[in-house]
Structure formats: structure tokens, C-alpha cells
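*Asks:* predicted model follows, preceded by the sequence.
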Amino acid sequence: MAQTVEDAVRGAFLRARERTALAHFLTTNAGGYDVYAVGSSADPDTAYTVTVDRAEHYRCTCPSETRPACWHRAAVYVRRANDRARAEHLARPAA
Ligand SMILES: [Zn+2]
């Protein structure tokens, strides 16, 4: 049975769970893309680069780039959501 896009995305998020610590923000490049290095779960010496453009499009340099999802992109997505939530929490005035 063919894997649907939803299955692929769900699987990527499952694999990203517990691995978001492997996603490291590197820089925002000249084009305004946020650049992250994400470690490989198979090879500790291999890291892939995930970039997120201003329109929130995710790209990854791993071999799954042609697939709808990979855990590297999912880990960066979770990481960004956590960072946003933290920033919003800190910006809130103390009760
Ligand atoms: Zn990837």
C-alpha cells in the first residue's frame, strides 16, 4: 500500500520525538533563511542542514529531500514551535 503524505509526515514527527535536541540553530543567512544543523540518528558524524525560508518552507539536505517529510525537518519544526512558545511566555508580563 502506498504511503500517503499524511503517513509520511506523521512518521517524521514520531521519529523526531526525543530528537529535537539534535536540531541546532546555526544562523540566519543573508537571504533571511534560518539555518539549522540536525544530527543523523544513524551516523553521529553526519549532520544535515535544514533551512527555513520566510514563507516557512522547509528544505533538508538529507536523502529524503524528495519525500514529503523527514525527521530532520520535523525536529526543526518542533524546535521552532518550542522557541516561539518560550519567547511568548517570557514576553508576557508577570501576574
Ligand atoms: Zn532530512
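*Replies:* It's in.
*Asks:* would you say Val35 is within a helix?
*Replies:* No: counting by DSSP: H, G, I helix; E, B strand; the rest coil, one finds Val35 to be strand, located in no helix.
*Asks:* does it have any beta-bridge partners, and if so which?
*Replies:* Beta-bridge pairing for Val35 (DSSP bridges): Thr27, Thr51.
*Asks:* and it, how many neighbours?
*Replies:* Val35 is flanked by 16 other residues according to other C-beta atoms under 10 Å. From N, CA and C alone the C-beta is placed, and that goes for glycine too.
*Asks:* and it, how close does it get to the ion?
*Replies:* According to C-beta to the ion, to the nearest Å, Val35 stands 14 Å off from the ion.
*Asks:* do I have it right that that residue meets Asp53?
*Replies:* No: at 10.5 Å, Val35 does not count as touching Asp53 under the criterion of C-beta atoms under 8 Å.
*Asks:* any regions of the protein where pLDDT drops low?
*Replies:* 1-2, 41, 65, 95 (pLDDT under 70).
*Asks:* tell me, what residue is most central in it?
*Replies:* In the chain, the residue lying closest to the centroid (C-alpha atoms, centre = their mean) is Val76, at 1.8 Å.
*Asks:* contact partners for that one?
*Replies:* Applying C-beta atoms under 8 Å, 6 or more residues apart in numbering to Val76 gives the contacts Ala23, Tyr36, Val38, Val50, Val52, Tyr58.
*Asks:* what about His89, neighbour count?
*Replies:* A count of nearby residues for His89, using other C-beta under 10 Å, gives 8.
*Asks:* i'd like the first residue to be 40 from this point on
*Replies:* Understood, numbering begins at 40; the last thing we discussed is His128.
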